[in-house]
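S.K.: next one to model:
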Amino acid sequence: MLNRRNFLSSTGFTVATILLGSGLIKGAQPAGKKRPNFLIIMADDCTYNDLPVYGGRNALTPNLDKLASQSMVFYRAYLGSAMCQPCRAELYSGLYPMSNGCAWNHSASRPDITTMPHHLGDLGYRVGLTGKVHVLPKKAFPFEMVPGFDTNCVRDPTRPHEVAGIRRFMSRSEDQPFCLVVALVEPHVPWVMGDPSKYPPEKIKLPPNIADTPTTRQAYARYLAEIAFMDSQVGEILDILESTGKADDTFVLFTSEQGAQFPGCKWTNWDTGLHTALMARWPGRVPPGKRTNALVQYTDVLPTLVEAAGGKPFTHRYDGTSFLPVLLGTKSDHRNYVYGSHNNIPEGPAYPVRTVSDGQYRYIRNLRSDEIYIEKHLMGWSGDGKLNNPYWATWIGDAWNDPHTYDLVKRYMHRPPEELYDTENDPYEMKNLADDPSFSPLKASLRSELDRWMTQQGDPGAPQDTHEAIEAARQGMHLYGPQNKK
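M.R.: This next block holds a predicted model:
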């Protein structure tokens with residue numbers, strides 16, 4: 001295994017990337033194939049199985065449904081941390097949170113890592129981003145900033161978007177391919193976009209991991225309205241791409257990021273936190289309407305794009321590997337395991353959680369199970385209230401009368417040292433199998449794999465100095481201390 005420190009500065013690698021970018025290395029670009037453009041559309045805080053293509057029973061998403069019909073849909077795609085900044089740093093770097101340095105929200109990655117703008121830029125691409133950024137430092141993520149979509153982490157007050165900027169970026173050159181990330185804000189809280197009247201609260205079908213209170217139903221209606229608004233933006237973006245005449249030459253990826261801001265989704269290592277939607281459309285290369293159970297993770301996306309662009313992913317240090325063979329139909333599987341981590345800093349007191357899944361079974365380790373879990377935004381005691389929602393208090397109140405709500409509150413706040421779920425048959429992971437003797441061999445196997453991954457990542461588990469970690473996160477610093485954010 002390569003040392004965690006990136007070796008991009010080595011002379012041999014620098015020469016190789018220059019040659020790759022110029023096309024002088026034989027095989028750097030598939031013979032007779034034009035290099036594709038890349039368009040990556042990201043939703044924000046959207047639980048994957050709230051989308052109809054993944055079984056969602058409430059949201060109306062005609063544009064995503066159409067895209068799914070034209071795409072390969074991944075049923076088992078995951079991210080390494082169910083928080084906005086760590087998962088984006090993972091996506092853009094091909095490195096897990098411990099490797100890139102962004103192991104908690106509102107911090108930063110190591111300034112010496114290289115990412116999507118570097119790697120695709122070396123291959124001759126223009127690499128831009130419009131919308132939510134939420135990665136630091138700029139040196140590590142030197143995207144060309146494209147105007148048009150809200151750059152804030154939250155959309156409040158409402159700001160209209162405009163598409164002229166992305167049209168100009170897509171059309172700027174006929175000879176140079178582009179990679180454009182459109183990072184939408186929806187459906188991140190506060191849920192202020194769309195038309196909630198289309199989702200009468202009393203008709204909503206709540207999933208079993210969400211407590212059924214009137215306030216929750218009202219919040220869920222607003223959340224569904226934001227999903228619908230996000231879907232309309234996806235349609236608008238794809239229409240712009242079509243109008244440029246470059247749709248047939250563009251590899252489109254849609255992903256939903258982590259789960260929504262409901263207890264049991266975002267900020268957890270449960271499946272509804274880490275599981276993400278992933279659709280890939282590449283006309284003439286990826287068969288439309290295809291579905292796959294291949295296990296993939298955000299770390300795998302960048303090496304896949306590099307290989308699709310004609311580059312050599314093995315010349316970079318990635319934690320992931322290219323799943324291009326799955327897209328092209330030459331393989332049906334990819335990796336054996338996906339991994340996740342959560343530290344809860346600075347969203348609340350440190351509560352380190354680690355997980356591993358083989359796609360069917362998930363093992364979770366709560367490293368401080370003797371403590372209760374607290375997340376400040378969900379529980380409504382932080383800031384000016386824009387990121388908070390009032391439903392958690394109703395869960396606490398309803399737990400007095402409703403055994404199921406009591407179990408959900410207890411599940412969220414007081415967790416056992418180990419959890420084991422048959423996610424395939426229990427998609428909301430409501431039945432913990434960790435103490436079932438018949439699953440002891442499986443639990444031991446997954447426990448061993450998690451230990452191996454944590455050791456390989458140099459992951460100490462619990463932060464050695466919680467106060468230092470929290471202060472660093474508040475100041476936008478990465479895992480190991482102060483860094484220049486420029």
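S.K.: how about Phe251, what does it touch?
M.R.: Phe251 makes contact with Pro36, Asn37, Phe38, Leu39, Ala280, Arg281, Trp282, Arg285, Val286, Leu305, Ala308 under the criterion Cβ atoms under 8 Å, 6 or more residues apart in numbering. C-beta coordinates here come from the backbone N, C-alpha and C atoms, glycine included.
S.K.: of those residues, keep whichever come out buried.
M.R.: Buried subset of the contacts of Phe251 (neighbour count, 16 or more other Cβ atoms under 10 Å): Pro36, Asn37, Phe38, Leu39, Ala280, Arg281, Trp282, Arg285, Val286, Leu305, Ala308.
S.K.: same list (those residues) but as a markdown table, adding distance to Gly458 and pLDDT.
M.R.: Shown next, in a markdown table, are the buried ones among the contacts of Phe251 (distance: Cβ to Cβ, whole Å; pLDDT from 0 to 100):
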| residue | distance to Gly458 | pLDDT |
| --- | --- | --- |
| Pro36 | 35 | 98 |
| Asn37 | 37 | 98 |
| Phe38 | 31 | 98 |
| Leu39 | 35 | 98 |
| Ala280 | 32 | 98 |
| Arg281 | 37 | 98 |
| Trp282 | 36 | 98 |
| Arg285 | 37 | 96 |
| Val286 | 36 | 97 |
| Leu305 | 26 | 98 |
| Ala308 | 30 | 98 |
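S.K.: closest one of those residues to Met83?
M.R.: Taking Cβ to Cβ as the measure, Met83 sits nearest to Leu305 out of these, at 22.9 Å.
S.K.: my read is the closest one is in a strand, agree?
M.R.: No: counting by DSSP: H, G, I helix; E, B strand; the rest coil, Leu305 is not part of a strand but helix.
S.K.: now it: how far from Trp191?
M.R.: Distance, Leu305 to Trp191, by Cβ to Cβ, to the nearest Å: 32 Å.
S.K.: the buried ones among the contacts of Phe251 in helices, which ones?
M.R.: Leu305, Ala308 (DSSP state H).
S.K.: let me have the buried ones among the contacts of Phe251 in a markdown table, extended by distance to Asp65.
M.R.: Shown next, in a markdown table, are those (distance: Cβ to Cβ, whole Å):
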| residue | distance to Asp65 |
| --- | --- |
| Pro36 | 24 |
| Asn37 | 23 |
| Phe38 | 22 |
| Leu39 | 18 |
| Ala280 | 16 |
| Arg281 | 13 |
| Trp282 | 19 |
| Arg285 | 22 |
| Val286 | 17 |
| Leu305 | 25 |
| Ala308 | 25 |
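S.K.: and of the buried ones among the contacts of Phe251, the nearest to Met116?
M.R.: Comparing the buried ones among the contacts of Phe251 against Met116 with Cβ to Cβ places Leu305 closest, at 7.4 Å.
S.K.: quick one: buried residues of stretch 407-416?
M.R.: Leu408, Val409, Arg411, Tyr412, Arg415.
S.K.: adding distance to Gln85 and pLDDT, write those residues out as TSV.
M.R.: Below are the buried residues of stretch 407-416 laid out as TSV (distance: Cβ to Cβ, whole Å; pLDDT from 0 to 100):
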residue	distance to Gln85	pLDDT
Leu408	27	96
Val409	28	96
Arg411	26	96
Tyr412	22	95
Arg415	24	97
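S.K.: checking Tyr428 next. Helix, strand or coil?
M.R.: When classified by three-state DSSP, Tyr428 comes out as coil.
S.K.: ok, now how distant is it from Gly235?
M.R.: Tyr428 sits 29 Å away from Gly235, going by Cβ to Cβ.
S.K.: find the nearest non-adjacent residue to Leu60, please.
M.R.: Once flanking residues are discounted, Leu60 sits nearest to Ala228: 5.4 Å by Cβ to Cβ, 6 or more residues apart in numbering.
S.K.: equivalent analysis for Gly121, please.
M.R.: Nearest non-adjacent residue to Gly121, counting by Cβ to Cβ, 6+ apart: Val127, 5.6 Å away.
S.K.: helices or strands up against the host helix or strand of the one you found?
M.R.: Assessed by DSSP states H and E, Val127 sits inside strand 126-131. Strand 126-131 sits against helix 116-121, strand 144-145, helix 164-171, strand 178-183, with contacts defined as 3 or more Cβ pairs under 8 Å, 6 or more residues apart in numbering; DSSP states H and E.
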